[in-house]
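Chemist: sequence and predicted structure below; questions after.
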Amino acid sequence: MAGNKNLNDAIKAKKDEFYTQLSDIEKELKYYKDAFNGKVVLCNCDDPRVSNFFHYFAYNFERLGLKKLITTCYKNQNMDLFTENKLEQAISLEYFGTKNGNSIPSVEEIGIKELKGNGDFRSEECVALLKQADIVVTNPPFSLFREYVAQLIQYQKKFVIMGKITSVSMKEIFPLIKNNKVWLGASIHSGDRKFFVPDDYELYASGCGIDENGKRYIRVKGIRWFTNLDNKDRHEEMILYKKYNEEDYPKYVNYDAIEVDKTADIPCDYYGEMGVPITFLDKYNPQQFEIIGHSLELADMNIVKKELGKLNGGPRFYIRQNGTLKRLFERIIIKRKV
């Protein structure tokens, strides 16, 4: 949780400069390599001096068969990618591939343009660049995740972006998950992720530090890729082996479904509604399961309030344990498809 403290503090302060490691990008994008052929890719939250998204697509431009790469970065960045000339100006870059055949981008091959505004993805000129793109790939500001996804959906863009798994509970995001318009990526299912941060970030939590090259980093739990590009792994059937019984699978007090506290424990012989952790989405196969809803919208809190006299927190499912009500973490209600 230490890394999450840094993340939560950064969100409150609207400090969203988290630089994704190249290895994490490579591990995810290998699942979609055929999707990029002949496409325009936009990385619209990326300082190309430090962005591994720009690095990945620029150095793999020919191998992926890209048509064009566009990046934009916020103001107070560097106009010349390879010097230290600091400008109070946002820029956009366009790259059409190497002209000398060595697959190494040079300053001469990259079209650099000053933006009129500050490079905010919601600005008119950045939206104009978005309209040119076929696929958007980036690590958007965590504090603006719901707005960022809403824009991608509005303009009907394909995308592969990073976010926190808890974002699936947002009222703007969950319907997209439920209706199979957005799903989790293929490469990250657990653990934390290392992000490099600017020099002015405080590193006061365990799990943070400075690497051998002097780069500051934090580690953040619960990171996932979000995408609407398909991959074969999400259609693999989950192997179920547990048998249903009333003792191991209690019913909720305030919703008609059983509690399954681990995805691996989904019973193979039960076809009613079940509540599972949000990490179920790591294994979700839309051909095997139907998503009904989640506790934030389905939990009947009047039943709980009547018994407890007061409520602690927002809507959640409750089970009766040793004679008392136990409040659970966020749950997704699913049902097996016959």
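Modeler: Thanks, I have it.
Chemist: what ranges in the chain fall below the confidence cut-off?
Modeler: Applying pLDDT under 70 to the chain flags residues 1-18, 46-50, 74-88, 101-103, 108, 204-206.
Chemist: show me how it divides into domains.
Modeler: Listed by automatic domain parsing, the domain ranges of the chain are 2-232, 236-336.
Chemist: export those as CSV, with columns for mean neighbour count.
Modeler: In short, each C-beta sits where N, CA and C put it, glycine included. What follows is the domains of the chain, written out as CSV (neighbours: other Cβ atoms under 10 Å):
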stretch, mean neighbour count
domain 2-232, 17
domain 236-336, 16
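Chemist: ok, now which ones touch the residue lying closest to V182 once chain neighbours are set aside?
Modeler: Distance criterion Cβ to Cβ, 6 or more residues apart in numbering; nearest residue to V182, sequence neighbours excluded, is L176 at 4.0 Å. Residues near L176 by Cβ atoms under 8 Å, 6 or more residues apart in numbering: V149, I153, V182.
Chemist: same deal with I153?
Modeler: L176, K181.
Chemist: which element follows the helix or strand where it lies toward the C-terminus?
Modeler: Assigning secondary structure by DSSP states H and E places I153 in helix 145-154. Heading C-terminal from helix 145-154, the first helix or strand you meet, by DSSP H and E, is strand 158-164.
Chemist: which stretches in the protein count as helices?
Modeler: Here the chain has its helices, by DSSP state H, at 2-12, 22-29, 52-59, 61-64, 124-132, 145-154, 174-178, 295-298, 301-308.
Chemist: what about these, which gets the closest to N139?
Modeler: helix 52-59 (7.3 Å; Cβ to Cβ).
Chemist: the closest one packs against which elements?
Modeler: Packing partners of helix 52-59 (3 or more Cβ pairs under 8 Å, 6 or more residues apart in numbering; DSSP states H and E): strand 19-20, helix 22-29, strand 40-43, strand 68-73, strand 91-95, strand 135-138.
Chemist: partner strands of the first one, with direction?
Modeler: Spelled out, that is strand 19-20. Taking DSSP bridges as the criterion, strand 19-20 sits next to strand 192-197 (antiparallel) in its sheet.
Chemist: now the third one
Modeler: Looking at strand 40-43 with DSSP bridges, its partner strands are strand 68-73 (parallel), strand 135-138 (parallel).
Chemist: nearest to N52, out of the ones you listed?
Modeler: strand 135-138 (10.5 Å).
Chemist: just the CA atoms of the closest one, as CSV, please.
Modeler: The C-alpha trace of strand 135-138 is given here as CSV (Å, rounded to 0.1, in the frame of the first residue of the first chain):
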residue,chain,number,x,y,z
ILE,A,135,-5.3,3.8,-32.0
VAL,A,136,-4.4,5.7,-28.9
VAL,A,137,-1.7,4.2,-26.6
THR,A,138,-0.5,6.0,-23.4
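Chemist: show me the contact partners of that strand.
Modeler: 29, 35-36, 39-46, 53, 57, 130, 152, 157-162, 229.
Chemist: hey, what's the closest residue to Y249 other than its chain neighbours bridged with?
Modeler: Nearest in space to Y249, with sequence neighbours left out and distances taken as Cβ to Cβ, 6+ apart, is I258 at 4.3 Å. When bridges are called by DSSP bridges, I258 pairs up with K251, M274.
Chemist: wait, I258 touches M274, no?
Modeler: Yes: when contacts are counted by Cβ atoms under 8 Å, I258 is listed as touching M274 (5.4 Å).
Chemist: show me whatever sits in contact with both of the two.
Modeler: Contacts common to I258 and M274, judged by Cβ under 8 Å, 6+ apart, are Y249.
Chemist: format the helices of the chain as a markdown table; extra columns: distance to K337.
Modeler: Formatted as a markdown table, these follow (distance: least, Cβ to Cβ, whole Å):
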| stretch | distance to K337 |
| --- | --- |
| helix 2-12 | 35 |
| helix 22-29 | 27 |
| helix 52-59 | 36 |
| helix 61-64 | 35 |
| helix 124-132 | 36 |
| helix 145-154 | 25 |
| helix 174-178 | 14 |
| helix 295-298 | 19 |
| helix 301-308 | 29 |
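Chemist: save the strands paired with strand 40-43 as a markdown table, and put in distance to E237 too.
Modeler: Shown next, in a markdown table, are those (distance: least, Cβ to Cβ, whole Å):
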| stretch | distance to E237 |
| --- | --- |
| strand 68-73 | 37 |
| strand 135-138 | 28 |
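Chemist: so which of those strands gets nearest G314?
Modeler: Proximity to G314 (Cβ to Cβ) singles out strand 135-138 among these, at 30.4 Å.
Chemist: what distance do you get for D233 to A128?
Modeler: 35 Å (Cβ to Cβ, to the nearest Å).
Chemist: same thing with G222?
Modeler: 34 Å.
Chemist: what's the answer for I153, then?
Modeler: From I153 to A128 the distance is 18 Å (Cβ to Cβ).
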